[in-house]
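Asker: got a predicted model here, sequence first, then my questions.
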There are 2 protein chains.
Amino acid sequence: MADIDSGSERPVARKRADARRNEKTLLDAAAAAFVASGVDAPVRDIAARAGVGVGTIYRHFPTRADLIVAVYRHQIEACAEAGPALLADSSTPHAALVQWINLFVDFLVTKHGLAAALQSDDAAFQTLHAHFLDRLVPVCDQLLDAAVAAGEIRPMDAYGLLRGVGNLCIGAGSDPRYDARCLVELLIAGLRLH
Amino acid sequence: MADIDSGSERPVARKRADARRNEKTLLDAAAAAFVASGVDAPVRDIAARAGVGVGTIYRHFPTRADLIVAVYRHQIEACAEAGPALLADSSTPHAALVQWINLFVDFLVTKHGLAAALQSDDAAFQTLHAHFLDRLVPVCDQLLDAAVAAGEIRPMDAYGLLRGVGNLCIGAGSDPRYDARCLVELLIAGLRLH
DNA sequence: CAAGATACGGAACACTGTTCCGGATGCCAA
DNA sequence: TTGGCATCCGGAACAGTGTTCCGTATCTTG
């Protein structure tokens, strides 16, 4: 399905120079808008920041999810790649799992509205959902399997766990009384065999 | 602050008969709309179901939260009252806590979008937030205290727990792969001392 | 440099919530 | 019963979203 030629060599048909420039500008503008107003920042705001028309956004990023994925692609990738590394470096699979989940939580809680968007059943967010899941569920599954094999935790569905952790991150950062990290820890503790 | 004269005697000034009739009609229409489209059902839909103008909704229920609270008031009340009852009837405080949380979860997962609305930081939902918290946090606190006193669980902030459970219920019912009840169980299990 | 391909801008549309006020309606006193 | 007033209703109008569309501008290529 997906090929891996993103941004390397010439993918068959080179885009026009102004188009490539605008895409980059748009990405920066979106990142700034996301920081300022969350991932729900109005399309017109992002367009204004980038100094382009709204049509230009939709040409480059047909859905809001495409834009979000493009903005955070690198961080998602880094999180995914950290999984196997942690598994190799940690003393136990469970420790690796905890650290990896913390990485995921840290990523989510610092992006206003991202956790909520991740759970939205709005059709516009399907791509976002899909990208996170495709990339992170296998990693989580690997960590869980290792911890189960080591007899540290009970078996658990990676999709469900990731989604639960994502849910717990909703609203974190906008309410000092709500500590998402603490609850996620509790959730992982509940996984533990004793 | 809040007095308890809701619907009894004459509260000082009786409303006009048509106003009372409309309020009742509106409540039924809203309940139906919530079932059909979730608590985010468009105002115009609710008005159309009730056969009234949108202005009439806003006169009776200034914010969407007021409408939601009015629709679910009885169920929230029942949940709150079940707390002490469970504590009295159950073999252990922990068992009572688990049963009570299940009650809360069952309530939330059967109302499309309610859990999400509960966490929304939108100003229109403040009343909703406040009502749930005022009514349920003390109950949850009581159950937690009893379980802590019995040495069954570690101390936990009732507000945080309730909010976490609410978060875990977001999206439940619209995705067969996501089992909110299972995750809530895990969370409560993480509370357990061992 | 000309012609065709590509991309841009922003007006226009559809759908939200929300406000506002002229007019209809119920209530009460005479 | 009836008059008059306080109350309430309806829906047009406004404001803020996302999304589409096409005339125009720009780039690329021969």
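Answerer: Structure received.
Asker: from here on, contacts and neighbour counts on C-alpha atoms
Answerer: Will do.
Asker: burial count for residue A:14?
Answerer: Residues lying near residue A:14 (other CA atoms under 10 Å in any protein chain shown) number 9.
Asker: right, I mislabeled it, should have said residue A:17
Answerer: Residue A:17, neighbours per other CA under 10 Å, totals 8.
Asker: quick one: it from residue A:56, how far?
Answerer: Using CA to CA, to the nearest Å, residue A:17 is found at 14 Å from residue A:56.
Asker: could you do residue A:181 as well?
Answerer: Taking CA to CA, one finds residue A:181 at 38 Å from residue A:56.
Asker: so for those two, which residue has more residues nearby?
Answerer: residue A:181 (18 against 15).
Asker: can you give me how far the helix or strand where the more buried one lies is from the chain middle?
Answerer: Assigned by DSSP states H and E, residue A:181 falls within helix A:180-191. Relative to its chain's centre, helix A:180-191 lies at 19 Å (CA atoms, centre = their mean, to the nearest Å).
Asker: if I take it and helix B:180-191, what angle do their directions form?
Answerer: 90 degrees (axes from the mean of the first three to the mean of the last three CA atoms, to 10 degrees).
Asker: helix A:180-191 near chain B anywhere?
Answerer: Yes: using CA under 8 Å from any CA of the partner chain, helix A:180-191 reaches chain B at A:180, A:183, A:186, A:187, A:188, A:189, A:190, A:191.
Asker: mean confidence score for that helix?
Answerer: Taken as a whole, helix A:180-191 carries a mean pLDDT of 97.
Asker: okay, buried residues for that helix please.
Answerer: Residues of helix A:180-191 classed as buried by neighbour count (16 or more other CA atoms under 10 Å in any protein chain shown): A:180, A:181, A:183, A:184, A:185, A:186, A:187, A:188, A:189, A:190, A:191.
Asker: elements contacting that helix?
Answerer: helix A:93-109, helix A:158-168, helix B:158-168, helix B:180-191 (3 or more CA pairs under 8 Å, 6 or more residues apart in numbering or on different chains; DSSP states H and E).
Asker: including distance to residue A:127, could these go into CSV?
Answerer: Listed next are the helices and strands packed on helix A:180-191 as CSV, based on distance: least, CA to CA, whole Å:
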stretch, distance to residue A:127
helix A:93-109, 17
helix A:158-168, 15
helix B:158-168, 22
helix B:180-191, 23
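Asker: indicate which one of those is closest to DNA strand C.
Answerer: Judged by CA to the nearest atom of the strand, the one of those that comes nearest to DNA strand C is helix B:158-168, at 21.9 Å.
Asker: so what does the closest one touch, helix or strand wise?
Answerer: Under the contact rule (3+ CA pairs under 8 Å, 6+ apart), helix B:158-168 is packed against helix A:158-168, helix A:180-191, helix B:93-109, helix B:114-119, helix B:126-149, helix B:180-191.
Asker: rebuild those helices as TSV, extending it with distance to DNA strand D.
Answerer: Output for these, formatted as TSV (distance: least, CA to the nearest atom of the strand, whole Å):
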stretch	distance to DNA strand D
helix A:158-168	22
helix A:180-191	26
helix B:93-109	26
helix B:114-119	18
helix B:126-149	19
helix B:180-191	28
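Asker: which of those sits closest to residue B:43?
Answerer: helix B:114-119 (15.3 Å; CA to CA).
Asker: touching chain A at all, that closest one?
Answerer: Yes: Helix B:114-119 reaches chain A (CA under 8 Å from any CA) through residue B:119.
Asker: appreciated, that's everything.
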